[in-house]
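Engineer: pasting the sequence and the predicted model now:
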Amino acid sequence: MKKRQRLKERIFYLFILFVILFSSFIVFADTETSLNVPNAPPYLVKEIPSQSWSENESLIDAFDLDEYFEDPEGVQLTYYNSSINDIYVSIDPITNMVSFFPRAGYSGQKNVTFYASDSQYDTLSNIVTLSVGLDRDPPKWYFPGIDKTVVYQNDMVTFLTNWTDDRGLQEFIFSINQGAGWANYSAISFSGIQNISSSRIQIMAPALNVVYWKYYAFDTSGNMNVTDTQNFTVASQALPPEGGGGGGGGGNEGDSGSISDLFGKINVLQVRKVEDFQLSFYELKVSLKQGTSKTRVLKITNTGLEEIFINISSPKLKDFVVFSSTNFSILPGKNKEITIDFYAPERTIPGQYFGYINVQSNKINKSIPTVLDIQGIDLEFDISLNMSEEYKLIKPGKEARVNITLTNLKDLRDVNASLYYAIKDYTGKVYNFSEEEISFFSSLFLERSLQVPEIAQEGPYLFYARAADDKNIAIDSVEFEVGTRFNFSSFIKIGSIILLIIIFAILLAVFMVKYKRDKKKERLLELYILLNKLKELIKQNKEEDALELFIKIKEMYREPIPKEVFNDKERLKKEISELYNYFSKEKKETENKTEDKKMVSSEPNSMQNNQVKLAQDKYIAYIKDCRKKGFADDYIRKSLLDKGWPEQEINNAFNTLNNKIISKKEDLLKKEVKNKAKK
């Protein structure tokens, strides 16, 4: 009984417990509940850096507090700072930018703490040190170097240097000297207490030249430091074969000393006759701005006897050049046009870039020297070059002259810049250069010249100019050619001078001949008179006077009389007589020659008359022929005058012909009258 009683009690208690649990479940299921999550405070994302600036200067908008604090719930934060003396801290309530205004003349250090509040909780920043006029330590540099062990001309090289500063780095400037003076590039910003300065530059110095470079760095306090001057030597390498569009080519060449090599060269020449091609241009210069592109069309013509397979590449300018096709074939006598797109990325450093476009078949390799002038996209001033035609082709040793125009593109202001100009070839080699400082307000026009060295080979060259200040680099170049050409005007000038000299020499020779003949006649006449006088003196037995006159005559002939002749009177008389006979004979010969000349001169007169008659007959025949063709007399006369024939002779020919026609008409008229009379 007791066991049964206990069992019933247990069942009852279990039922009561079940009812209570079931009721509780129903009550809690129908009752709304809410979770009360506590608000989280703002937190500091990263430490605020210490600030440093010069004495008697304010630091405006040094940093934005929103970049250093965040709220988990995204609540808009408000900021304030701990109070400090001598430096007023301003927090813009809208932008949350922080500015610092030190007391005039204050120099020293202060610490400040910033607070971020979400209206329930406040969060502190790190302690920020404010240094006014106390930072005297410049940035420090470590491990300067380049990214290549061997550097060739036209290679792109990256220059690197590590920097540290106890306050904060601000910017760096790269400077390089490739043989034409130091060139400073625009300042580039970098920050933090540790960073790396990096610049990528194309090497334009020729082989075996030494390139010098260095970096300048500035910290937030304006302190500056510069690395030691670093350098490397440009390595020499085999340049691509010359002869762009028209000639030049590959082929294996060996030692010319052996017979086999000689036959090898002959075979190469034979192969070139079978396989060859031509290009549409010899060199290429393209001007671009950052972020722009230009297209050129290259025409390749197969001038050989076989199908050729072409490969096009430009390893030096691969970052700037895109070809429409790089591998293709061309049948004999056919051609193919390839578009070349030149593109300058926006981050390209302004300057001049050199390279080659290589066009290669199985056995021939031709290259096109290519130059890219890349300008900045947002320049404050511009430079342009203009070269007159007379300097487009000059000889080695002469001066190349250009007109340089600098123009202010934006707000008119005083521009102080460095002007560098040079003569370069299409490989980037500098032959001559100059540098000067310039200043202008709106525009500036200059005329500058450089001498082409005597050693310069014939071919295309560039006159390059660069104007640069702290923020802008403007460049331009113009092409010209070094060589020789036939100068017609110079030839005419020189030929005219030579012709005048020849004519003068001929006239002088004629004058001298005539002068000598006249002098000879005069001399003979004088001697003849003296001989007659001598003869009279001999007849009159005036021996002394005759002897004196005889000596004078002999001196005129430059024949001195021997002393023994003076002692022999008979011999003296004999010589006087012989001299008289000689000059009498010479006078007769001269007279005979004069008569002969007169006779000869009379003969040309008759010949001249015959020539005049022949010319007149020629004119008459020409006039008759033109009249038969229906031309008017005025046209015939003008035609004869245009031929350079004498007007007087033309008139005589017309008169003679007209008289003949009139007389013929008169004869016909007389005959007709006689015939009528007979009838």
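Structural biologist: Thanks, I have the structure now.

Engineer: only C-alpha atoms for contact and neighbour calcs from this point on.
Structural biologist: Noted.

Engineer: is it true that Glu73 lies in a strand?
Structural biologist: No: under DSSP: H, G, I helix; E, B strand; the rest coil, Glu73 sits outside any strand and is assigned coil.

Engineer: so what's it up against?
Structural biologist: By Cα atoms under 8 Å, 6 or more residues apart in numbering, Glu73 lies in contact with Ala40.

Engineer: Phe354 now?
Structural biologist: Here Phe354 is in contact with Asn154, Met204, Lys316, Leu317, Pro369, Thr370, Val371, Leu372, Tyr426, Thr427, Gly428 (Cα under 8 Å, 6+ apart).

Engineer: just these: which are in helices?
Structural biologist: With helices defined by DSSP state H, no entry of these lies inside them.

Engineer: which of those residues sits closest to Lys628?
Structural biologist: Pro369 (67.3 Å; Cα to Cα).

Engineer: surely that closest one and Thr427 touch.
Structural biologist: Yes: between Pro369 and Thr427 there is a contact at 6.9 Å, judged by Cα atoms under 8 Å.

Engineer: and for the two, which residues touch both?
Structural biologist: Jointly contacting Pro369 and Thr427 under the rule Cα under 8 Å, 6+ apart are Phe354, Gly355.

Engineer: would you convert the contacts of Phe354 into a markdown table that also reports distance to Gln76?
Structural biologist: Output for the contacts of Phe354, formatted as a markdown table (distance: Cα to Cα, whole Å):
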| residue | distance to Gln76 |
| --- | --- |
| Asn154 | 56 |
| Met204 | 56 |
| Lys316 | 54 |
| Leu317 | 52 |
| Pro369 | 62 |
| Thr370 | 59 |
| Val371 | 56 |
| Leu372 | 53 |
| Tyr426 | 62 |
| Thr427 | 62 |
| Gly428 | 60 |
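
Engineer: from Val128, how far off is the closest residue to Asp166 other than its chain neighbours?
Structural biologist: Once flanking residues are discounted, Asp166 sits nearest to Ile193: 6.0 Å by Cα to Cα, 6 or more residues apart in numbering. Between Ile193 and Val128 the distance is 15 Å, computed by Cα to Cα, to the nearest Å.

Engineer: picking that back up, what's the burial count for the residue nearest to Asp166?
Structural biologist: 16 (other Cα atoms under 10 Å).

Engineer: with Val45 as the reference, measure out to it.
Structural biologist: From Ile193 to Val45 the distance is 19 Å (Cα to Cα).

Engineer: list the contacts for Asp122?
Structural biologist: So Asp122 contacts Pro41, Pro42, Tyr115, Ala116 (Cα under 8 Å, 6+ apart).

Engineer: domains in the protein, by residue range?
Structural biologist: 43-132, 140-233, 382-485, 492-607, 620-678 (automatic domain parsing).

Engineer: before we move on, the earlier item: return the subset of the contacts of Phe354 lying in strands.
Structural biologist: Among the contacts of Phe354, the ones falling in strands (DSSP state E) are Pro369, Thr370, Val371, Leu372.

Engineer: wait, which of the contacts of Phe354 is closest to Gly291?
Structural biologist: Leu372 (13.6 Å).

Engineer: for that closest one, the count of nearby residues, please.
Structural biologist: 21.

Engineer: hmm, back to that, filter the contacts of Phe354 down to the buried ones.
Structural biologist: Among the contacts of Phe354, the ones that count as buried by 16 or more other Cα atoms under 10 Å are Asn154, Met204, Lys316, Leu317, Pro369, Thr370, Val371, Leu372, Tyr426, Thr427, Gly428.

Engineer: residue nearest the centroid of this protein?
Structural biologist: Leu462 (2.0 Å; Cα atoms, centre = their mean).

Engineer: so that one: helix, strand or coil?
Structural biologist: Leu462 is classified as strand under three-state DSSP.

Engineer: great, nothing more from me.
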